[in-house]
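**Q** quick one, structure for this:
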Amino acid sequence: MRFSLMLLPLALLLPAAPAAAQTAVGTTYYVDAAAGDDANSGQSTSAAWKSLAKANQLTLGPGDRLLFKAGQRWQGQLAIKGAGAPGSPALVGSYGTGAKPVIDGQGQVDVAVKLTNVHDLTLDGFEVTNWSDGTTPRSGVNLFAKDAGKLSNITLRNLDIHDVDGPGGSHVGAAGLMVSIRGNTTPTFFDNLLIEGNEVSRIRSYGIITWSTWSRRNGMTSLYPVETGIPDSEVVTWTPSTGVRIRDNYVHDVTAGGITPMHTKGAVVEGNRVHKAATGRLNTKGGNVGIWWQGNDDLLVQRNEVSGTGFNGPGTDGHGFDADADNNRSLVQYNYSHDNDGGFFITVSFSGAPTRDTTVRYNLSKDDGYEVFSLSTETSGAEIYNNTIYASGRVVVVHPPYTGAGSYPLGRIVHIYNNASGVKIRNNVFHNQTTAGYDTRNNPLYDANVYLGPAPSGDLNAVKQDPKLVAPGISSADGYQLRADSPARARGVSLAPAITDYFGNPVDATAPDRGFHQFTGAPPRAVVTTSYAQLGNHHPFRIVDGDVNTSWSSAASGITFPGTIDVDYRQARSVGALTLHTAWATGQAITELDVQTWNGSAWVTQVAGAKLTWSGNTATVENRTITLPQPVTTQKVRLVVRKANLKWGNFALYEIS
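**A** A predicted model of the protein is given here:
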């Protein structure tokens, strides 16, 4: 590979290997374009075959190997058929030293390397091209199946696929590397399909794409018939491919999407680098996305870097990532998105094929343009949390002849279109040096975000300060980590247990930092837990956030006494007195409580039945101090609340100091 990702290493969680099977000893066949002869046996380097035509006559079996000599070139189509067996895969690869063998379709064949109804097979180590500077759809490599049932254990790796011509836009029937399934009589799908370590470049359509006619559900009743030539009658019940992994590929300079998995369940797209998708289009309309997906369940998209995606003006995508039509439970995490002209992330669908329950977390977006988040039609339940967004004010310029030609400053950080619903945006850091704002259409939840620049009015736990990042503006993800004095530290809402941040640091289950980085270099802030349910977004962390004007409030129902409020300072400290701060005090302040401290194994009561009298019921914050008999060294303090003013059905506490 000829690139370096700015992503941290990840221990990949791979499916368990198939049960051990007896290894078949197959036959090795050699192909030599210079010294071979099709009259030879093909079974030694000195008796190699010569042509693709001869190689295409072979049906591979378990353990068989078809090897092409390094440094040589063949013109036309390599058509691979046959199959290995579990534990005895067939291999199509190379032998000798030198450059990868080249399969050159010259733009005269629909696909340069085609694998049909194969299983237990590996394709490894070829250079593939298919160019004649025409506009007829062409592909480099096509893994194809039709009415063949379950096809398992296929690997496509170490391929250099480049210069594949075509219509120069978004045509799903053509790609550098295409996985396609047709037919409607025998449910057909791939299982344990691995696409890894390939470079795909200069493609006049998609980089890497998977799709299937076994995709009909909800409103998905057709498969782009104008582009694929597949009639709607062939599109039948959704039968997803399983165990699909698309990892560590480099896709760049393509006119459509960089990586587009369709019709899978539990697929993983990770560690890929996508640069300049949707660029160099011959088609002056439309646009596309760096990594986007359609018709999937439980897709995981992680640790990818996407940049430079093209844009054609409003309404034409151009984002780094896109949960498109008919997806359920997509998880987008630990990605680095930068300088994509349309934005960082979009979710969109159409009537009858909604996209639901997408989670976008622990990602970094740097200078993505126009609209960082676009949340659009027929999508619901988008959870966007613990991302860091940096926007310096980059202006996107779309040049003629594209129909959207013009200059586009950043319009929105969050744009909510049409009927998108159930959007929750929490624990993010927005380092925004522009005037771009945040939509509140359809009542999204903004909660516990850090805002440099504009902020939505509905975020009750907003921190409207400089987040104090290490070196904002640089090209490395390290520059967007939190400094020790960042106001984003330990003030996030608890959302998910047992997870790590972008850098692999553990996330505190009760008081996470905001943004994609969790600070590890100094003692963390105090954490508050309580036996009482909270009112709305009045989170317990507000009791120790250092701001006496922000409040925690109990819910207005289900209050019983006594109940507890615990403060864990997470390091030992000397406590001689506690001061409680509350506004609207005669309506909602605590009036009787015990104070306890933790001795390492049990709670010890220091003050019992302390009674507090408050004088006002205004926005002015009042203070009441409870002095302990003597200072105590402890890590934790507990308030046992025995009585409180409940004029509005709830009680509140603004700060403990």
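**Q** okay, now the nearest residue to Lys50 once chain neighbours are set aside: neighbour count?
**A** Leaving out its chain neighbours, the residue that sits closest to Lys50 by C-beta to C-beta, 6 or more residues apart in numbering is Gly36, at 3.5 Å. Where C-beta positions appear, they are placed from N, C-alpha and C, glycine not excepted. The number of residues packed near Gly36 is 23, by other C-beta atoms under 10 Å.
**Q** residues touching Gly36, list them.
**A** 30, 48-51, 69 (C-beta atoms under 8 Å, 6 or more residues apart in numbering).
**Q** buried ones in the helix or strand containing Arg573?
**A** Arg573 is located in strand 563-582, with elements delineated by DSSP states H and E. Using 16 or more other C-beta atoms under 10 Å as the burial criterion, the residues of strand 563-582 that qualify are 563-570, 575, 578, 580-582.
**Q** just send the residues you listed back as JSON lines, with pLDDT and distance to Ala619 too.
**A** Output for the buried residues of strand 563-582, formatted as JSON lines (pLDDT from 0 to 100; distance: C-beta to C-beta, whole Å):
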{"residue": "Gly563", "pLDDT": "95", "distance to Ala619": "26"}
{"residue": "Thr564", "pLDDT": "95", "distance to Ala619": "27"}
{"residue": "Ile565", "pLDDT": "94", "distance to Ala619": "22"}
{"residue": "Asp566", "pLDDT": "94", "distance to Ala619": "28"}
{"residue": "Val567", "pLDDT": "92", "distance to Ala619": "25"}
{"residue": "Asp568", "pLDDT": "90", "distance to Ala619": "30"}
{"residue": "Tyr569", "pLDDT": "86", "distance to Ala619": "29"}
{"residue": "Arg570", "pLDDT": "80", "distance to Ala619": "32"}
{"residue": "Val575", "pLDDT": "91", "distance to Ala619": "29"}
{"residue": "Leu578", "pLDDT": "93", "distance to Ala619": "23"}
{"residue": "Leu580", "pLDDT": "94", "distance to Ala619": "17"}
{"residue": "His581", "pLDDT": "95", "distance to Ala619": "13"}
{"residue": "Thr582", "pLDDT": "95", "distance to Ala619": "11"}
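**Q** quick one: contacts for Glu383?
**A** If a contact means C-beta under 8 Å, 6+ apart, then Glu383 has 357-361, 424, 426 as its contacts.
**Q** again but with Pro62, I slipped
**A** Per C-beta under 8 Å, 6+ apart, neighbours of Pro62: 24, 26, 83-85, 88-90, 120.
**Q** show me which of the residues you listed are buried.
**A** By 16+ other C-beta under 10 Å, the contacts of Pro62 give 26, 83-85, 88-90, 120 as buried.
**Q** chain neighbours aside, what residue packs nearest to Pro629?
**A** Closest to Pro629 by C-beta to C-beta, 6+ apart is Gln606, at 6.7 Å.
**Q** wouldn't that neighbour be in contact with Val632 here?
**A** Yes - with contact defined as C-beta atoms under 8 Å, Gln606 reaches Val632; the gap is 6.3 Å.
**Q** the inter-axis angle of the lengthiest strand in the chain versus strand 563-582?
**A** Identified as the longest strand of the chain according to DSSP state E is strand 622-644. Counting by axes from the mean of the first three to the mean of the last three C-alpha atoms, to 10 degrees, strand 622-644 lies at 150 degrees to strand 563-582.
**Q** and strand 622-644, what does it pack onto?
**A** Applying 3 or more C-beta pairs under 8 Å, 6 or more residues apart in numbering; DSSP states H and E, one finds that strand 622-644 contacts strand 563-582, strand 590-598, strand 603-611.
**Q** follow-up on the earlier one: for the strand holding Arg573, which strands pair with it and how are they oriented?
**A** If you go by DSSP bridges, strand 563-582 pairs up with strand 527-530 (antiparallel), strand 622-644 (antiparallel), strand 655-656 (antiparallel).
**Q** that one vs strand 590-598, what angle?
**A** Using the same axes, to 10 degrees: strand 563-582 against strand 590-598 is 120 degrees.
**Q** and strand 563-582, how far out from the chain's middle?
**A** 39 Å (C-alpha atoms, centre = their mean, to the nearest Å).
**Q** same question, stretch 206-218
**A** 19 Å.
**Q** and it, end to end?
**A** 25 Å (C-alpha to C-alpha, to the nearest Å).
**Q** would you mind listing the buried residues in it?
**A** Neighbour-count burial for stretch 206-218, counted by 16+ other C-beta under 10 Å, picks out 206-218.
**Q** which pair in the residues you listed has the greatest spatial separation?
**A** Farthest apart among those by C-beta to C-beta are Gly207 and Asn218. That separation is 27.0 Å.
**Q** the spatially most central residue of the chain pairs with what?
**A** Closest to where the C-alpha atoms of the chain average out (C-alpha atoms, centre = their mean) is Val332, at 2.0 Å. On the basis of DSSP bridges, Val332 is bridged to Val301, Val360.
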